[in-house]
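Trainee: just a sequence and a predicted model for now, questions to come.
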Amino acid sequence: MKSLRMVLVIAAFSFMALGAVQVKAQCAMCTTAVESNHENGGRATKGLNHGIMYLLAAPYVAVAAVGMIWYKKYRRKNVNINIPHDKLNLN
C-alpha cells in the first residue's frame with residue numbers, strides 16, 4: 001500500500017512538471033508598457049518585480065506576526081506541577 005501511494009505521488013508530480021505552461025499574468029497594455037520601458041533603459045521592470053515580491057510576502061509576514069503574538073500571549077509560564085508521590089492503584 002505504501003509503494004502504491006509513493007507511485008501515485010511521483011506520477012502526480014511528473015504530470016504537473018510536464019504540463020507546465022508559461023503564462024502571462026498581466027494585461028496586454030501593462031506588458032507592452034513595461035517591455036518598452038525596459039528596452040529604453042527605464043527601471044519600471046525592477047519596480048514591478050519588487051512590487052510583486054512585496055505583495056507575495058505580505059500575507060506570510062502577517063501570518064507570522066499573528067502566530068508570534070499568539071505564542072507570546074498564550075504560552076504557559078511558571079506552571080507548578082504537583083504530582084503526589086503515592087502509589088497508584090489501577091484496579
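Mentor: Looks like it came in fine. Residues are numbered from 1 along each chain as shown.

Trainee: G67 versus the most centrally placed residue in the chain, what's the distance?
Mentor: When C-alpha atoms, centre = their mean is applied to the chain, the residue found nearest the centroid is Y60 (6.4 Å). From Y60 across to G67, the span is 10 Å (C-beta to C-beta, to the nearest Å). Glycine gets a C-beta too; all of them are placed from N, C-alpha and C.

Trainee: just T45 next, same as before
Mentor: T45 is 34 Å from G67, by C-beta to C-beta.

Trainee: buried ones in the lowest-mean-pLDDT helix or strand in the chain?
Mentor: Between all helices and strands in the chain, the lowest mean by mean pLDDT, DSSP states H and E belongs to helix 28-39, at a mean of 83. Using 16 or more other C-beta atoms under 10 Å as the test for burial, helix 28-39 gives V34.

Trainee: show me where the chain has its helices.
Mentor: 2-18, 28-39, 44-74 (DSSP state H).

Trainee: mean pLDDT lowest for which of those?
Mentor: Of all these, mean pLDDT reaches its minimum on helix 28-39 (a mean of 83).

Trainee: okay, the angle between it and helix 44-74?
Mentor: 110 degrees (axes from the mean of the first three to the mean of the last three C-alpha atoms, to 10 degrees).

Trainee: can you name every helix or strand that helix 28-39 contacts?
Mentor: If you count contacts as 3 or more C-beta pairs under 8 Å, 6 or more residues apart in numbering; DSSP states H and E, helix 28-39 packs onto helix 44-74.

Trainee: residues of the helix it packs on that come out buried?
Mentor: For helix 44-74, burial by neighbour count (16+ other C-beta under 10 Å) applies to L48.

Trainee: distance of the residue nearest to the centre of the chain from I69?
Mentor: 15 Å.

Trainee: and what of N49?
Mentor: N49 sits 31 Å away from I69, going by C-beta to C-beta.
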